[in-house]
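>>> 3D model of this:
(chains A and B)
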Amino acid sequence: ILNVEQSPQSLHVQEGDSTNFTCSFPSSNFYALHWYRWETAKSPEALFVMTLNGDEKKKGRISATPNTKEGYSYLYIKGSQPEDSATYLCAFYGNNRLAFGKGNQVVVIP
Amino acid sequence: DAGITQSPRHKVTETGTPVTLRCHQTENHRYMYWYRQDPGHGLRLIHYSYGVKDTDKGEVSDGYSVSRSKTEDFLLTLESATSSQTSVYFCAISVWLAGGTGELFFGEGSRLTVL
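Numbers count the residues shown, from 1 in each chain, chains lettered A, B, ... in the order given. As a prediction, this is how the structure comes out:
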C-alpha cells in the first residue's frame, strides 16, 4: 500500500488570503504525482500531473511544487476566492495505479 | 468530457443481495478503475483493469469482483452486499500523458446504500 499523507485535513481561509497545504509520499521509486480538485457533488478533476523531473506547475492562482527527493509537494492558492472551496486530493502514481491521500478540504470564507 | 457513464447512479438494496455497478466508456481507453469514497478515507482503489479480461486487485478488494469482457465496459459486482459497502463508487479511466503517467477522468459516481 502506497502511503500518501495530506495535511491539514481541513482549513478555513478568508477570501483574499493565500494558503498552502502539504502532500507527503514515498520518495523512493517516484514516478509521478497528481493533484486533483474535488468540488462538492461533483467528480474529481485533475489540476496538475508532475513527473520526476517536473518543475513547478501553475494554473491561474493555484500552483504546485514537487520535491521528489524528500517526498513532498505543496499546493499553493494565491488570493483565495470562494470558488476555490473544494477538497484537493494528492495522488502518488506507481504500478499503473494512483494511490490517493485523504484530501485537504478548503473552505474560503467571503 | 471523457465519455464515462456509470449506472445505476443511485441504488438502495438489502444485505445479502447481489449488486452490479456498470462503468461504460466511449473512447477505448485501456485502463479503468473502481474507487470507493467514504468520509475520512478519501478515494480507495477496489479493482482496476488494464485490458479486456485483465484485472487486478486494489487496496480494498475484499467482497468485490470485477469483469471486463469488452473494452468499453467495466463491471463491479458485490456478490452479497453488506452494510459496510454502503458508499459512493467512482469509476475512472486513465488517459496516458507524455512522460508515461496517466491522468484520471472520473464518472459521476454511484451512490449505493445497503440496508
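>>> hey, let's count contacts and neighbours off CA atoms from now on
OK.
>>> chain B: strands as residue ranges?
Secondary structure of chain B by DSSP state E: the strands cover B:4-7, B:10-13, B:19-25, B:32-38, B:42-51, B:54-57, B:64-70, B:73-78, B:87-96, B:102-106, B:110-114.
>>> in chain B, what residue is nearest chain A?
Relative to chain A, the nearest point of chain B is B:G42 (4.2 Å; Cα to the nearest Cα).
>>> partner residues bridging residue 24?
Using chain A. Counting by DSSP bridges, A:S24 is bridged to A:E5, A:Y72.
>>> wrong one, chain B
For B:H24, the beta-bridge partners are B:T5, B:D73 (DSSP bridges).
>>> isn't it right up against B:I4?
Yes. Using Cα atoms under 8 Å, B:H24 is in contact with B:I4, at 5.6 Å.
>>> so these two - more neighbours on which side?
Per other Cα atoms under 10 Å in any protein chain shown, whichever of B:H24 and B:I4 has more neighbours is B:H24, with 22 against 19.
>>> how close does that one sit to A:V107?
For B:H24, the distance to A:V107 (Cα to Cα, to the nearest Å) stands at 33 Å.
>>> low-confidence stretches in the chain?
All of this is about chain A. Under the criterion pLDDT under 70, the flagged ranges of chain A are A:1, A:53-54.
>>> ah, I was thinking of chain B
B:1-2, B:99.
>>> give me the residue at the spatial middle of it.
Residue closest to the average C-alpha location in chain B (Cα atoms, centre = their mean): B:W34, at 2.5 Å.
>>> residues in contact with that residue?
When contacts are counted by Cα atoms under 8 Å, 6 or more residues apart in numbering or on different chains, B:W34 touches B:L45, B:I46, B:H47, B:Y48, B:L76, B:Y89, B:F90, B:C91, B:A92.
>>> try it again at 7 Å.
Neighbour list for B:W34: B:L45, B:I46, B:H47, B:Y48, B:Y89, B:F90, B:C91, B:A92 [criterion: Cα atoms under 7 Å, 6 or more residues apart in numbering or on different chains].
>>> and these, which two are furthest apart?
Spanning the widest gap among the contacts of B:W34 are B:Y48 and B:Y89, at 13.0 Å by Cα to Cα.
>>> quick one: which helix or strand includes the closest residue to chain B within chain A?
Relative to chain B, the nearest point of chain A is A:K102 (4.2 Å; Cα to the nearest Cα). Assigned by DSSP states H and E, A:K102 falls within no helix or strand.
>>> what does A:Y93 give?
strand A:86-94.
>>> got a list of contacts for that strand?
A:4, A:23, A:25, A:31-40, A:98-107.
>>> ok, now with 8 Å
Defining contact as Cα under 8 Å, 6+ apart, one finds that strand A:86-94 is touched by A:2, A:4, A:6, A:23, A:25, A:29-40, A:98-107, B:101.
>>> buried ones among the residues you listed?
Buried by 16 or more other Cα atoms under 10 Å in any protein chain shown: A:4, A:6, A:23, A:25, A:30-39, A:98-107, B:101, out of the contacts of strand A:86-94.
>>> give the contact list for the closest residue to the residue of chain B closest to chain A other than its chain neighbours.
Computed as Cα to Cα, 6 or more residues apart in numbering or on different chains, the closest residue to B:G42 that is not its neighbour in sequence is A:K102, at 4.2 Å. Contacts for A:K102 were tallied using Cα under 8 Å, 6+ apart; they are A:E5, A:Q6, A:Q9, A:L89, A:C90, B:G40, B:H41, B:G42, B:L43.
>>> just give me the neighbour total for the residue nearest to A:E83 when sequence neighbours are not counted.
Using Cα to Cα, 6+ apart and skipping the chain neighbours, the partner closest in space to A:E83 is A:V108 (7.8 Å). By other Cα under 10 Å, the residues close to A:V108 number 19.
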